[in-house]
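1. Pasting the sequence and the predicted coordinates here, then a few questions.
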Amino acid sequence: MSEKYKETAEIIKQEKIGTGIYSMWLQTQKIAKAARPGQFISVYSKDGSRLLPRPISICEVNAENGRLRIVYRVAGKGTEEFSRYEQGDTLEILGPLGNGFPLERMEEGKKAFLIGGGIGIPPMVQLSRELKGEKQIVLGYRDELFLTEDLKRSGTVFIATEDGSCGTRGNVLDAIREHALTADVIYACGPTPMLRALKAWAEENQIECWLSMEEKMACGIGACLACVCRSKEVDEHSQVKNKRVCKEGPVFLSTEIEV
Amino acid sequence: MMLNGEAVNSNNGESKMQIRKASGYMEISTKVTIAGVELKNPVMTASGTFGSGMEYSEFVDLNRLGAVVTKGVANVPWPGNPTPRIAETCGGMMNAIGLQNPGIDTFVRRDLPFLQNYDTKVIVNVCGKSTEDYCEVVERLAEEPVDLLEINISCPNVKEGGIAFGQNPKAVEAITAEIKKRAKQPVIMKLSPNVTDITETARAAEAGGADALSLINTLTGMKIDVHRRTFALANKTGGVSGPAIKPIAVRMVYQTAQTVSLPIIGMGGVTCAQDALEFILAGATAVSVGTANFHNPMTTLEVIDGIEDYMRRYQVSDIRELIGCVK
């Protein structure tokens, strides 16, 4: 279990990279150095009417200079507030949180799928930087592309769009089928219907599949039991068939959970 | 730890601290007593927001807390409600966790030994679906290192037990009496604000033999997601907490303090020392920090420091002078 830190982080750079999609680089003291691909940070609003931290996945880190990048979509008032901050502003953040993707499941000579759907794409950037072996990066968008160039630097990118404006028309599984791709390990993050479909497909094809889950959170550190997902077996901590997304997750082996 | 002075050993140690200030010494005592149990300060954690302290111990030195109040524990593991279990509201939040807990066996084996490592008081919150359930947990804790029991008869998010006991004065008195017959530790009854007159349930708990009261539990609320045209919580309703409910909580603590002679643990939207002092001045002997832990994991420590600052600023040597002094 990695150490967690509460820090005041300075914004190094913030830019809009798509409709309602923002990229923010933060200067941290310890969080960037400690972070692993697939982990997330809690970002706190400065407005007292918004008490709960927003869990946002870590897109990229530069451990050497302690910088961390988040790419997020404006989904409500909290993220709208974050999008208004500029270089030099500070934000309270807590992290790194959660377990992250298991890098050790891949090695040279093996093939992986890195599958991101919509705002589940950002964590694939750092994962693609650190993962060994052949990286097939499958990205699902509604229409507008983002982070595609960042991901092309670390693997082969396949794109699916709902409207067919780029790549395969359809979803990430349609892209995989169209290109007749195969893999030894799957790493995925995205909307629940995508994760559900991937879980079924991976289990049918007996492929090891790691899914990054999302759920409404409060504490972000495993105390409040808000963000649970259903598990196949009785969980050691909860003693019921529930696992904490923020603590035991957000990344789970597909066969351990129900999606 | 001290903000504007240097702590030195005093004759009786513990929380009586001598503060070396530029102009001499000021001794303050933040100790309070609840049902014969002395707390080093009046700041504790609100049940359900702090687990059993394990997760928060990475950010909070639990030794500094007056007490840790654990998340509710039942006789057997409870799976809780479906998700989403939580939603933000303006100045607060709603939850419908549904009292997920690992059951008393795991709690006794894992959580209590962890809390034993700290110099703080342990208050175990007990939940159940029937009087027998509550009594089973209470009896199971008789020989365990637990200082006080807090009985949750007011959770709005479970169908059986919980609030069903907490809204009816007769039921409150009856279950309090049954628990008192079996409990080895002093019993705190946690009251629901979802009643017309909280002093009625407070009086009923006192009549049943309660040693202390804690209030308020969350207020039942509802939030609707207009984009999805559905309820924000899978449970449809949930308990509202946070600063948005603080004035209601302070009012209820005041009313209850005017009505019964039991010590009161006040809670509902405490985010800073000023909030905590409002409750104390209204009649609370201690205060719990709940939702604010989610906004800032170190809130409890900031409240403790802030209370000490206030006492020095206003030359209050003993915090007990402040309890209920606004009438």
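-> It's in. Numbering: from 1, shown residues only, chains lettered A, B, ... in the order given.

2. okay, CA-based contacts and neighbour counts for the rest of this
-> Will do.

3. Stretch A:223-233 near chain B at all?
-> Yes. Against chain B, stretch A:223-233 shows contacts by CA under 8 Å from any CA of the partner chain at A:A223, A:C224, A:L225, A:A226, A:C227, A:V228, A:C229.

4. will you turn those residues into a markdown table that also has secondary structure, neighbour count and pLDDT?
-> As requested, the residues of stretch A:223-233 next to chain B are arranged in a markdown table below (DSSP: H, G, I helix; E, B strand; the rest coil; neighbours: other CA atoms under 10 Å in any protein chain shown; pLDDT from 0 to 100):
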| residue | secondary structure | neighbour count | pLDDT |
| --- | --- | --- | --- |
| A:A223 | coil | 23 | 97 |
| A:C224 | coil | 25 | 97 |
| A:L225 | coil | 31 | 97 |
| A:A226 | coil | 29 | 97 |
| A:C227 | coil | 29 | 97 |
| A:V228 | strand | 31 | 97 |
| A:C229 | strand | 22 | 97 |
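
5. right, and the pair among those residues with maximum separation?
-> A:A223 and A:C229 (14.7 Å; CA to CA).

6. coming back round to it: which of the residues of stretch A:223-233 next to chain B sits closest to B:E143?
-> Looking across these and measuring by CA to CA, the closest to B:E143 is A:A223, at 26.1 Å.

7. count of residues packed around the nearest residue to that closest one once chain neighbours are set aside?
-> Of all residues not flanking A:A223 in the chain, B:G51 sits nearest, at 4.6 Å (CA to CA, 6 or more residues apart in numbering or on different chains). As a burial measure, B:G51 scores 22 neighbours (other CA atoms under 10 Å in any protein chain shown).

8. Flag every residue of the stretch 51-200 of chain A that's near chain B.
-> Counting by CA under 8 Å from any CA, the stretch 51-200 of chain A comes close to chain B at A:L51, A:L52, A:P53.

9. In helices only, show me these.
-> Judged by DSSP state H, the subset of these located in helices is empty.

10. Any chance of these in JSON lines with neighbour count as columns?
-> Shown next, in JSON lines, are these (neighbours: other CA atoms under 10 Å in any protein chain shown):
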{"residue": "A:L51", "neighbour count": "26"}
{"residue": "A:L52", "neighbour count": "29"}
{"residue": "A:P53", "neighbour count": "23"}
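
11. Tell me the one among those residues nearest to B:D309.
-> Lowest distance from B:D309 to those (CA to CA) belongs to A:L51, with 25.1 Å.

12. from memory the closest one sits against B:A87, does it?
-> No. At 10.5 Å, A:L51 does not count as touching B:A87 under the criterion of CA atoms under 8 Å.

13. which residues do the two both contact?
-> Taking CA atoms under 8 Å, 6 or more residues apart in numbering or on different chains as the contact rule, A:L51 and B:A87 both touch B:M93.

14. Name the residues of the stretch 1-150 of chain B found near chain A, please.
-> Residues of the stretch 1-150 of chain B lying near chain A (CA under 8 Å from any CA): B:48-56, B:58, B:77-79, B:83-93, B:95, B:97, B:100-103, B:106.

15. Can you say which of these are buried?
-> For these, a neighbour count by 16 or more other CA atoms under 10 Å in any protein chain shown gives the buried set as B:48-56, B:77-79, B:83-89, B:91-93, B:95, B:97, B:100-103, B:106.

16. Sitting in strands, which of these do you find?
-> B:I86, B:A87, B:E88, B:T89, B:G92, B:M93, B:N95 (DSSP state E).

17. partner strands of the strand or helix carrying A:R69, parallel or antiparallel?
-> In the assignment (DSSP states H and E), A:R69 maps to strand A:67-73. Using DSSP bridges, strand A:67-73 pairs in its sheet with strand A:21-27 (antiparallel), strand A:54-62 (antiparallel).

18. List the buried residues in stretch B:27-42.
-> Those buried within stretch B:27-42 under the rule 16+ other CA under 10 Å are B:E27, B:I28, B:S29, B:T30, B:K31, B:V32, B:I34, B:A35, B:L39, B:K40, B:N41, B:P42.

19. What is the burial count for A:D235?
-> 17.

20. Nearest spatial neighbour of it, chain-adjacent residues omitted?
-> The shortest distance from A:D235 to any non-neighbouring residue, by CA to CA, 6+ apart, is to A:K241 (5.6 Å).

21. quick one, what contacts the one you found?
-> A:R230, A:S231, A:K232, A:E233, A:V234, A:D235, B:P79.

22. Reformat these as CSV; add distance to A:F101.
-> Output for the contacts of A:K241, formatted as CSV (distance: CA to CA, whole Å):
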residue, distance to A:F101
A:R230, 19
A:S231, 18
A:K232, 20
A:E233, 21
A:V234, 22
A:D235, 20
B:P79, 27
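
23. And B:L39, how close does it get to chain A?
-> 23 Å (CA to the nearest CA, to the nearest Å).

24. Give me the pLDDT for the residue nearest to that residue when sequence neighbours are not counted.
-> In this structure, B:L39 finds its nearest non-sequential neighbour in B:G66, 5.0 Å apart by CA to CA, 6+ apart. B:G66 carries a pLDDT value of 98.

25. Next, find the distance separating B:G66 from chain A.
-> Distance from B:G66 to chain A, by CA to the nearest CA: 19 Å.

26. what's the answer for B:I28, then?
-> Distance from B:I28 to chain A, by CA to the nearest CA: 31 Å.

27. That residue falls within a helix, correct?
-> No. Counting by DSSP: H, G, I helix; E, B strand; the rest coil, B:I28 is not part of a helix but strand.

28. Contact partners for the closest residue to chain A within the stretch 101-250 of chain B?
-> Residue of the stretch 101-250 of chain B nearest chain A, by CA to the nearest CA: B:P102 (4.9 Å). B:P102 is in contact with A:H237, A:S238, A:Q239, A:V240, B:V73, B:A74, B:V76, B:P77, B:W78, counting by CA under 8 Å, 6+ apart.

29. I figured the second one hits B:N101, correct?
-> In this case it means A:S238. Yes. At 6.6 Å, A:S238 counts as touching B:N101 under the criterion of CA under 8 Å.

30. Can you report phi and psi for A:A202?
-> With angles defined as degrees, to the nearest 10, A:A202 sits at phi -70, psi -40.

31. Number of residues surrounding it?
-> Neighbour tally, A:A202, other CA under 10 Å: 20.

32. what's the closest non-adjacent residue to it?
-> Nearest non-adjacent residue to A:A202, counting by CA to CA, 6+ apart: A:C209, 6.3 Å away.

33. what's in contact with whichever strand or helix holds the one you found?
-> Using DSSP H and E, A:C209 falls within strand A:208-212. Here strand A:208-212 makes contact (CA under 8 Å, 6+ apart) with A:38, A:101, A:184-190, A:195, A:199, A:202, A:249-255.

34. among the contacts of A:K241, which ones are buried?
-> For these, a burial check counting by 16+ other CA under 10 Å picks out A:R230, A:S231, A:D235, B:P79.

35. need the contact list for B:T201.
-> B:T201 neighbours (CA under 8 Å, 6+ apart): B:G166, B:Q167, B:N168, B:P169, B:V172, B:E173, B:L191.

36. Same check on B:I304?
-> Per CA under 8 Å, 6+ apart, neighbours of B:I304: B:N41, B:V43, B:A273.

37. Quick one, grab the pLDDT at B:R20.
-> pLDDT at B:R20 comes out at 44.
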